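Student: sharing a model prediction with you, sequence too.
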Amino acid sequence: MAKRDVWVRVGNELVRGDNIVGITVNGGHSFNQSYKESYKLLMKVTGHRDPLAVDSGISCDGTGEDECRKQATALADSFVNTLAQAAAFPTGALIRLGSDTDNEGGGSSGWDITVLG
């Protein structure tokens, strides 16, 4: 992958895409009947001791947890594809998790790329 200025919004931080060295899916735990934790995408970033978290917005009510985990894993996989696409832009890009307003299913619509320059 060519080296480009690709920036990624991870929680409250902007990090360079080439500093992200890993991504895992975590969460979906129930703390009580009224609160369900959504799945988090944990990104291991060079220079950060602990992984940085992106809230996927995907949570389950206890039924269909396998399907929810699959959705969160697919979102993590699509991040890798989005990062590769963004690296192809000659002027660089910004990647951030898209809003869920575009998706009828209530989950996230995926990743948004903004071309820089």
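Tutor: Arrived safely, thanks for sending.
Student: quickly list what Val15 is bridged to.
Tutor: Note on Val15: beta-bridge partners by DSSP bridges are Val8.
Student: could you check how far it is from Gly98?
Tutor: According to CB to CB, to the nearest Å, Val15 and Gly98 sit 18 Å apart. (Each C-beta comes from the backbone N, C-alpha and C, glycine too.)
Student: kindly report the same for Asn81.
Tutor: Using CB to CB, Asn81 is found at 14 Å from Gly98.
Student: quick one: contacts for the spatially closest residue to Asp5 that is not a sequence neighbour?
Tutor: What sits nearest to Asp5 in space, not counting adjacent residues and going by CB to CB, 6 or more residues apart in numbering, is Gly92, at 3.4 Å. Counting by CB atoms under 8 Å, 6 or more residues apart in numbering, Gly92 touches 4-7, 86, 115-117.
Student: helices - which of those land there?
Tutor: Mapping these onto helices (DSSP state H) picks out Ala86.
Student: just the buried ones from the contacts of Gly92, in PyMOL syntax?
Tutor: Burial among these is assessed by 16 or more other CB atoms under 10 Å; the matching PyMOL selection reads:
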select buried, resi 4+5+6+7+86
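Student: which of the contacts of Gly92 sits closest to Asp55?
Tutor: Nearest to Asp55 among the contacts of Gly92 is Trp7, at 18.7 Å by CB to CB.
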